[in-house]
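# Structure of the sequence below:
(one chain, ligands or ions: 2)
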Amino acid sequence: MKTSIATVSLSGDLRSKLEAIAKAGFDGVEIFENDFLVFDESPRQVGQMVRDHGLEISLFQPFRDFEGMPEPLRSRTFDRAERKFDLMQEMGTDLVLVCSNVSPAALGGLDRAAADFRELGERAARRDLRVGYEALAWGRHINDHRDAWEVVRRADHANVGLILDSFHTLARKIDVNSIRSIPKEKIFIIQLADAPLIDMDLLYWSRHFRNMPGEGDLPVLEFMRAVAATGYDGYLSLEIFNDQFRGGSATAISVDGQRSLLYLGDQVRRTEPDIALPVPEMPPRSGVEGIAFIEFTIDESEAPQFEALIRTLGFRRAARHKTKSVTVFQQGDIRLVINTESRGFANSSYLVHGTSAYAMGLLVDDARATHRRALALGAETFAQPVDEGEIEMPAVHGVGGGIVYFLDRHSDLGSIWDVEFDPVDDLSATSAGLSSIDHIAQTMHYDELLTWLLFYTSLLEAHKTPLVDIIDPSGIVRSQVVENAAGSLRITMNGAENRNTLAGRFIADTFGSGIQHLAFKTDDIFRTADVLAAGGFVSLAISPNYYDDLEARFGLDPHFTERLKAHNILYDKDERGEYFQLYSPTFSGGFFFEIVERRGYRGYGAANAIFRIAALRKFLEPADMPRA
Ligand SMILES: O=C(O)c1ccc(O)c(O)c1
Ligand SMILES: [Mg+2]
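Residues are numbered from 1 along each chain as shown. Ligands and ions are numbered 1, 2, ... in the order given. Alright, predicted model coming up:
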């Protein structure tokens, strides 16, 4: 499968863009005219630079306001086209994208436009060049690919074809099945982009908010299935106008782009029979049965304090590693692994980030197949030397450089706890009824959010929920969840836009993104709260005003509100059911725990986040609080 990306999608100058594009594994690049115009090298040198990076120019674009012009503008557009043809030949590309005319001077009329394209096709043919016509969603007369196709059909010239851009088609909700009857040789290239659903002017939406297929809300897969059904087997080319991407890391955005195309191709291959598109084979997305473990890296001297804390949460020491300073604390199906090794990745992680939950283990259907898929999608593998008798757990780097391990029940990995660990008899802790990890909360910079969303959803059988804004006294935190239908995988991701929010401070204090909190599940929050209180656990104090409001909002029985208040339990309710949340204060580095009970409820208590954040801040900086 040939992949390409438009230079306009990335930040930096042309040279650094090409480097990032080549490194991410693309085959081609769309040269956006402005990127060339502001660059100081000649067209010939730019062409050479592209080829030196092992890339091909998939097209040159855009050529604007061409078709349907009255004289003398008409002659001028042809002169302009000839100049661009010269440039394309020097650069070494045969395809130019002509987007539909937006000029008030344009006359309209399918036959007039077709006649112009036929003449342009003639001129292009003399130089062995090709012209592709794209309907901009806001084109003056042509703003629908079906009309652009009619122009191309009537132009009836071998050197004139159609360019389909998923954004323009999907933004106008045009039936994608209209693509299925277009002859594949008349589709010169496919441009792909997704976008979040925002109700706004089409041009503004397109120029500022596009994102990678799978990162937004448009049915790009349905579009691509229709394209594949024509027999199309050419480039899939990303054209992503996005303010954030323009300011981001060209390398990271390129990697995301390549991943999005491979994932899209993979989905098409699995849903559309007999396609010609040469999509690479990879194992299917993996089902996640649960979170096998969370591993903390801690300094030996701090470990006793941490262990005392998790004991108050009802965890008992369950196993000790046969050769390493690694212990496992357990409660229900929850395993917290405490790593105090003074070498290896855990230790380097400690040295950089301090005490942190630096690794997670996912229990999947087939761990090694999941790892293969992750690598096929461009993830960075993680491995460190294993000692004799140890099992090598497949892993990749995740958020903030942390580790995502894959485990399964059916291979040798299923016996890892027995093979590598000795059981420990620890009767000192009383279970608090915590049964499993409800969700893992990762905090990151806002501009990393789409990266990890795509990482998880392309690898695992999971979907994303809509973006939610969380109000922190010092700014906005954008939150989005990746979860599966069974609820056995729930990862909440908080993207901090500024460093003054609690999430922003976590990133600053721990020198990077990572897991900021873990939520454990209980079937009886009040019983759990009693056990915790008896064991000396101190919950995060919530403002009494919260409970007054809660009672009024939901019409709660005052006795019930009193019980919530007595235990600092937060409450939420939706059409499906009720939700209860209890928090620990933060400890070293800003990490904290949450305990939740779900009674049919499927959300995450977004309405309560502001109260939790305020309470945590008060805990961190009591005197400082009124300024927030
Ligand atoms: O926003 C634009 O003008 C523009 C230009 C060229 C394209 O291919 C496109 O999709 C949009
Ligand atoms: Mg386009």
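
# Could you check what's spatially nearest to whichever residue of the stretch 151-300 of the chain sits closest to ligand 1, not counting adjacent residues?
Relative to ligand 1, the nearest point of the stretch 151-300 of the chain is residue 165 (4.6 Å; Cβ to the nearest ligand atom). All C-beta atoms are positioned from the backbone trio N, CA, C, and that covers glycine. Once flanking residues are discounted, residue 165 sits nearest to residue 191: 4.0 Å by Cβ to Cβ, 6 or more residues apart in numbering.

# So the one you found lies in a strand, does it not?
Yes. Counting by DSSP: H, G, I helix; E, B strand; the rest coil, residue 191 is part of a strand.

# Going forward, the N-terminal residue is numbered 58.
In the new count, where the first residue is 58, that last one comes out as residue 248.

# which ones are touching the residue in the stretch 458-607 of the chain positioned nearest to ligand 1?
Proximity of the stretch 458-607 of the chain to ligand 1 (Cβ to the nearest ligand atom) peaks at residue 507, 19.7 Å away. By Cβ atoms under 8 Å, 6 or more residues apart in numbering, the residues touching residue 507 are 268, 269, 272, 313.

# possible to save those as JSON lines with pLDDT, distance to ligand 2 and neighbour count?
As requested, those are exported to JSON lines (pLDDT from 0 to 100; distance: Cβ to the ion, whole Å; neighbours: other Cβ atoms under 10 Å):
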{"residue": "268", "pLDDT": "98", "distance to ligand 2": "14", "neighbour count": "27"}
{"residue": "269", "pLDDT": "98", "distance to ligand 2": "15", "neighbour count": "29"}
{"residue": "272", "pLDDT": "97", "distance to ligand 2": "17", "neighbour count": "25"}
{"residue": "313", "pLDDT": "98", "distance to ligand 2": "19", "neighbour count": "28"}
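
# Please identify the residues of the stretch 358-507 of the chain in proximity to ligand 2?
Taking Cβ under 5 Å from the ion, no part of the stretch 358-507 of the chain reaches ligand 2.

# repeat for the chain
222, 248, 296.

# I'd say the second one and residue 226 touch.
Which is residue 248. No. Counting by Cβ atoms under 8 Å, residue 226 is not a contact partner of residue 248; they are 10.1 Å apart.

# Look up the closest residue to the residue most central in space within the chain, ignoring the ones flanking it.
Centroid check for the chain by Cα atoms, centre = their mean gives residue 510 as the closest residue, at 2.6 Å. Excluding the flanking residues, the one nearest residue 510 by Cβ to Cβ, 6+ apart is residue 521, at 5.4 Å.

# do the same with residue 226
Counting by Cβ to Cβ, 6+ apart, residue 202 is the residue found nearest to residue 226 once chain neighbours are left out, at 5.3 Å.

# and the one you found, backbone torsions?
Backbone torsions of residue 202, given as degrees, to the nearest 10, read phi -60, psi -20.

# can you check residue 503 too?
When read as degrees, to the nearest 10, the backbone of residue 503 gives phi -60, psi -40.

# What residue in the stretch 408-557 of the chain comes nearest to ligand 2?
residue 507 (20.0 Å; Cβ to the ion).

# neighbouring strands for the lengthiest strand in the chain, and are they parallel or not?
The longest strand of the chain (DSSP state E) is strand 491-502. Note on strand 491-502: by DSSP bridges, its sheet partners are strand 547-553 (parallel), strand 571-579 (antiparallel).

# could I get those strands as CSV with distance to residue 157?
Putting those into CSV (distance: least, Cβ to Cβ, whole Å) gives the following:
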stretch, distance to residue 157
strand 547-553, 36
strand 571-579, 47
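
# Any chance of these in TSV with mean pLDDT and distance to residue 450 as columns?
Putting the strands paired with strand 491-502 into TSV (pLDDT from 0 to 100; distance: least, Cβ to Cβ, whole Å) gives the following:
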stretch	mean pLDDT	distance to residue 450
strand 547-553	96	19
strand 571-579	95	18
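
# Output those strands in CSV, with distance to residue 391 and mean neighbour count appended to each entry.
Formatted as CSV, the strands paired with strand 491-502 follow (distance: least, Cβ to Cβ, whole Å; neighbours: other Cβ atoms under 10 Å):
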stretch, distance to residue 391, mean neighbour count
strand 547-553, 14, 25
strand 571-579, 6, 24
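
# right, so of those, which gets closest to residue 170?
Among those, strand 547-553 comes nearest to residue 170, with 44.2 Å by Cβ to Cβ.

# got the contact list for residue 399?
357, 382.

# Residue 476 and residue 446 touch, don't they?
Yes. Assessed by Cβ under 8 Å, residue 476 is found in contact with residue 446 at 7.1 Å.

# Can you give me every residue that contacts whichever residue of the stretch 258-407 of the chain sits closest to ligand 2?
Proximity of the stretch 258-407 of the chain to ligand 2 (Cβ to the ion) peaks at residue 296, 4.7 Å away. Contact analysis of residue 296 by Cβ under 8 Å, 6+ apart lists 62, 63, 65, 66, 87, 222, 224, 248, 249, 250, 267.

# Those residues of the protein touching ligand 1, which are they?
118, 119, 154, 156, 191, 193, 222, 248, 263, 264, 296 (Cβ under 6 Å from any ligand atom).

# go with 8 Å
63, 118-119, 121, 154, 156, 159, 191, 193, 220, 222, 224-225, 248, 250, 260, 263-264, 296, 298 (Cβ under 8 Å from any ligand atom).

# Just the buried subset of the residues you listed, please.
63, 118-119, 121, 154, 156, 159, 191, 193, 220, 222, 224-225, 248, 250, 263, 296, 298 (16 or more other Cβ atoms under 10 Å).

# how is the protein carved up into domains?
Domain segmentation of the chain under automatic domain parsing yields 60-328, 345-480, 491-677.

# coming back round to it: report the rounded mean pLDDT for the helix or strand hosting the residue nearest to the centre of the chain.
Per DSSP states H and E, residue 510 falls inside helix 506-516. Mean per-residue pLDDT for helix 506-516: 97.

# Tabulate the CA atom coordinates of it in CSV.
Extracted in CSV, the C-alpha atoms of helix 506-516 (Å, rounded to 0.1, in the frame of the first residue of the first chain):
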residue,chain,number,x,y,z
LEU,A,506,-4.0,13.2,23.2
LEU,A,507,-4.8,12.2,19.6
THR,A,508,-1.6,10.3,19.3
TRP,A,509,-2.5,8.0,22.2
LEU,A,510,-6.1,7.8,21.2
LEU,A,511,-5.0,6.4,17.9
PHE,A,512,-2.4,4.2,19.5
TYR,A,513,-4.9,2.4,21.7
THR,A,514,-7.9,2.3,19.3
SER,A,515,-5.8,1.0,16.4
LEU,A,516,-4.2,-1.8,18.5
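
# Just the angle for it relative to strand 547-553, thanks.
Angle, helix 506-516 to strand 547-553, by axes from the mean of the first three to the mean of the last three Cα atoms, to 10 degrees: 160 degrees.
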